[in-house]
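In: Need coordinates for the below:
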Amino acid sequence: MKFKIKLIVGFRRDQEHSIDAEEAHKAYYLFLNPEHRTVFNNGLAIKGSQIQEIVPDYHGTMGWNPTHVLDNDDWNEIRSSGVTATMQRYLSVGKEIAQHAELADLNVPLLELVKSKYPQLDKPKAEREGAMKSLSEVIDKKA
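Out: Okay, here's the model as predicted:
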């Protein structure tokens with residue numbers, strides 16, 4: 001499963017852009033540094049000041065049509081498959097790394113960056129507060 005997040009840059013539906021969750025730290029870096037700009041792996045070029053929100057893209061993650069309206073059965077599937085927990089982990093780790101990242105870190109995929117440079121964010125759940133699973137634990141199960 002390929003996890004996706006949305007960058008919302010306006011109020012209309014065509015002002016939402018989907019990117020890989022592996023680039024969450026890059027999105028948060030732009031959000032926290034509005035004068036910077038970057039190009040994401042899917043070709044989206046954006047300036048930080050344009051980003052209004054960063055949210056999970058459940059449609060893109062699940063492979064559903066963007067115009068599909070999520071119903072109760074869809075939400076049950078999303079929750080039972082662990083997508084909501086994994087998405088929250090991507091967003092929280094991405095935000096944490098963005099606050100401390102060097103510019104060179106932005107070109108490294110999030111999971112690789114966690115394993116190599118920020119291993120404290122990938123400790124087993126018993127060693128961390130809140131007992132959340134580590135990002136690599138969740139991703140390895142989904143792959």
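In: Okay, buried residues for stretch 50-60 please.
Out: Buried residues in stretch 50-60, counted by 16 or more other Cβ atoms under 10 Å: 50-51, 54, 56-60. For every residue, glycine as well, the C-beta is placed using N, CA and C.
In: Pretty sure Ile46 sits against Pro34.
Out: No. The criterion here is Cβ atoms under 8 Å, and Ile46 misses it with Pro34 at 10.9 Å.
In: For those two, indicate the residue with more neighbours.
Out: Comparing Ile46 with Pro34 by other Cβ atoms under 10 Å, the one with more neighbours is Ile46, at 19 against 12.
In: who does the helix or strand encompassing that one pair up with?
Out: Using DSSP states H and E, Ile46 falls within strand 45-47. In the sheet, strand 45-47 lines up against strand 37-39 (antiparallel) (DSSP bridges).
In: Nearest the middle, which residue of the protein would you pick?
Out: Nearest to the geometric centre of the chain sits Ala21, at 3.4 Å (Cα atoms, centre = their mean).
In: Once you drop chain neighbours, what's closest to that residue?
Out: Closest residue in space to Ala21, ignoring its immediate chain neighbours: Phe3 at 3.7 Å, by Cβ to Cβ, 6 or more residues apart in numbering.
In: if we can go back for a sec, which two in the buried residues of stretch 50-60 are spaced the farthest apart?
Out: The span of these, defined through Cβ to Cβ, is set by Gln50 and Tyr58 at 22.3 Å.
In: still on that earlier bit, from the rest of the structure, what touches the strand holding Ile46?
Out: Identification of contacts with strand 45-47 by Cβ atoms under 8 Å, 6 or more residues apart in numbering yields 7, 9, 17, 30, 34-40.
In: Report the distance from that strand to the chain centre.
Out: 17 Å (Cα atoms, centre = their mean, to the nearest Å).
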